[in-house]
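Undergrad: just a sequence and a predicted model for now, questions to come.
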Amino acid sequence: MHTRQIEIECLRYDPERDEAPRWQSWQVPFSDDMSVLQGLQYIKDHLDGSLSFRWSCRMAICGSCGHMLNGEPRLSCQAFLRDYFPAKLRVEPLQHFPILRDLVVDQSAFLDKLASVKPWLIPKPNPAPADEAQRQTPRQMAKYYAYSQCINCLLCYAACPQVGLDSGFTGPAALALLHRYNADSRDAGWDQRREVLNAEQGVWGCTLVGYCSEVCPKGVDPAHAINQNKVNSTLDYFGLLRLMMPRGGDT
Amino acid sequence: MKRSHEPVFWALFGAGGMLSALLGPVLILVTGIAVPLGWLDPDTLSAVRLQAALAHPLARLGLLGLISLFMFHGCHRLLHSLHDLGLPRWRWAPWLFYGAALLATLAAAALLLSL
Amino acid sequence: MSAGRPAPRAYVRPMRGWWRRNPYFVRYMLREASALWLTAYALTLLWGLWRLSQGPAAYEAWRATLATPLAIGLHAVGLGFVAYHAWTWFRVMPKTLPPLPLPARAITAAGLAATGLLTLLVLAWLR
C-alpha cells in the first residue's frame, strides 16, 4: 500500500546552542486518520528524537498540544494532516510566549495571571453552616457554563495581539475565568476581583479583535466575557454598579 | 494594578460608534457624493435651507452631538491604533487625541451658537 | 519558572508586522482604519459649519471644493470605510451585551436593519 508523505516544517530552538530559532523539515508518511500531533510523534519516534513538544490526552481536553499550524493557533490533536496536504505544514510554538525550546513555550506569566483573578468560588462572608448542598438552577448555571469550559490551552493568548504587544495584559482565558466566577450565583467575590477587572491591563487592555473566540476549541467565547465586563467596569467607575448589584455578586 | 480611566472615553467611543454606524454612511453619501454630483437637488444643502434647518435649537444640538461623538469615537480608536502599530504609549498621546476631539466639540458649539 | 524570574535564554519573537501575518488581523486593522476617515469627515462637517458662519459666499466656496473630483473620490473611500465600520460594529455588538434570549445573529441583523432604515428615511426626507 502506498502511503502519502507530507512535509512538516518545525521551528527549532536549542537555548544552549542557538542564537535564534531556525527551521527544520521532514517528510512524514501519513494516513487520513492521523492528527498533526501524530505527525510530530512520528518525527520524534523515527526521524529526530530531539524534537520537543508538549502533549498528553490526544483528545482535545488537556490543552497541552497547542501550536501555530500555518500561522493559526490550533490543538495539534484536533488538526489533521490530510487537511494540510499536499502543501507544507509549518508548525511553530504558540505565538506571544517566550520559546523555551523547540515547540515548548514558557507559560509561567499566564499562571501568574490566572492566580491573580482568584479562580475559585469565594463564599459570602460569615456563611451560616449549611443544612444541605448549595442549590443552583439550570438558568443560573447557564450564565457561567460556557466560561467554565476553559482547558487553559492558551490558543486564545496566541491569538491575541494585545498579549503580544503588552505581556502584562491579563489576557482572554484569565479574564474569562474572572467572569466565570463573578457570574456564578454561589460566588460573592466581585470586590476581590475588582482591581484586576478595572485595571488598564484588565478588561481595558482588550480592543475586541475577537480572534480569541474564533480559535477557542471549547467555545468559551472569552471576547464576550471580557467585553460584557467593560460595561460593568464602566458602571463601577461611575459608582452605579452597586445600585444594580446590592448583593455584590451575581452579574 | 493601575485603575484605568478608560470608562469615560469608552462610553463616548461607544456612543459615537453607534451614531456613526447608524448615520455615518448616509451622511457621507448625501453631503460628499449625492449632492455634489447632482443626484440630489443641490438646493438640499444650500445655505438658506441649512440656516433654516439649524434655526431650531434641537437641530443645533443634534449637529453638535454628531460632530462631537464622531470625533470622540475616531480619536479614541486612532489613539489605540498607535499601540496596535507597535508605537510606544506616549504620555502626551491621549491629551493630543482627546484634546482634538474636545477642541472640535467646543469649536462646533461656538459656531452653532453664533449662527 | 515564574514571571518574576524569566527563563534564561528563552527566545522572545518580535511583534513587528504581526497584523500582516493573518487575514483576520488585516480585517481588524481595516476596521480600526475606518476611524481615520470618520474623524476626517467630522472635521469636514466642522469646516463646512465654519464656512457657513462666515456667510453664503464662503459657504458656497466650501461646497465648490466638495464638488471637485478629488473631494468626491475621498468621500467615496470614506463611505467605504465607514460602511465597513457599521458592518463590523453590529457584527461585534453581541459581544458587548450581556447574554440575551436572542441569537447573536438577530442582534446584528437588527442593527444593520436600523442603519438601512435610517438611510432610506434620510434619503426619502431629502428628495
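TA: Thanks, I have it.
Undergrad: what average pLDDT does stretch A:17-33 get?
TA: For stretch A:17-33, mean pLDDT rounds to 97.
Undergrad: buried ones in that stretch?
TA: Buried positions in stretch A:17-33, judged by neighbour count with 16 or more other C-beta atoms under 10 Å in any protein chain shown: A:Pro21, A:Trp26, A:Val28, A:Phe30. To be clear about C-beta, it is placed using only N, CA and C from the backbone, and glycine gets the same treatment.
Undergrad: so the third one bridges to which residues?
TA: With DSSP bridges applied, A:Val28 shows beta-bridge pairing to A:Ile6.
Undergrad: ok, it touching A:Arg4?
TA: No. The criterion here is C-beta atoms under 8 Å, and A:Val28 misses it with A:Arg4 at 9.6 Å.
Undergrad: who touches both of the two?
TA: Taking C-beta atoms under 8 Å, 6 or more residues apart in numbering or on different chains as the criterion, A:Val28 and A:Arg4 do not both touch any residue.
Undergrad: hmm, back to that, closest to chain B out of the buried residues of stretch A:17-33?
TA: Relative to chain B, the closest of those is A:Pro21; by C-beta to the nearest C-beta it sits at 20.5 Å.
Undergrad: tell me the spacing between the closest one and A:Gly171.
TA: 23 Å (C-beta to C-beta, to the nearest Å).
Undergrad: and the residue nearest to C:Arg127 when sequence neighbours are not counted, what helix or strand is that in?
TA: Nearest non-adjacent residue to C:Arg127, counting by C-beta to C-beta, 6 or more residues apart in numbering or on different chains: B:Leu40, 7.3 Å away. For B:Leu40, there is no host helix or strand (DSSP states H and E).
Undergrad: per-residue confidence at residue 111?
TA: No chain specified, so I'll use chain A. For A:Leu111, the predicted pLDDT is 97.
Undergrad: try chain C instead
TA: 97.
Undergrad: on the three-state scheme, it is what?
TA: Judged by DSSP: H, G, I helix; E, B strand; the rest coil, the three-state class of C:Gly111 is helix.
Undergrad: so what's the residue count around the closest residue to it other than its chain neighbours?
TA: The spatial neighbour of C:Gly111 that comes closest, neighbours along the chain excluded (C-beta to C-beta, 6+ apart), is C:Phe90 at 3.3 Å. Counted with other C-beta atoms under 10 Å in any protein chain shown, residues neighbouring C:Phe90 total 21.
Undergrad: ok, C:Phe90 to C:Ala33 distance?
TA: 18 Å.
Undergrad: cool, B:Gly17 as well?
TA: From B:Gly17 to C:Ala33 the distance is 14 Å (C-beta to C-beta).
Undergrad: same check, this time on C:Gly17
TA: Applying C-beta to C-beta to C:Gly17 and C:Ala33 gives a distance of 16 Å.
Undergrad: do A:His96 as well
TA: 23 Å.
Undergrad: which residues touch the closest residue in space to A:Ser148 that isn't next to it in sequence?
TA: Using C-beta to C-beta, 6+ apart and skipping the chain neighbours, the partner closest in space to A:Ser148 is A:Arg180 (5.2 Å). A:Arg180 makes contacts with A:Pro119, A:Tyr144, A:Tyr147, A:Ser148, A:Cys150, A:Ala225, as judged by C-beta under 8 Å, 6+ apart.
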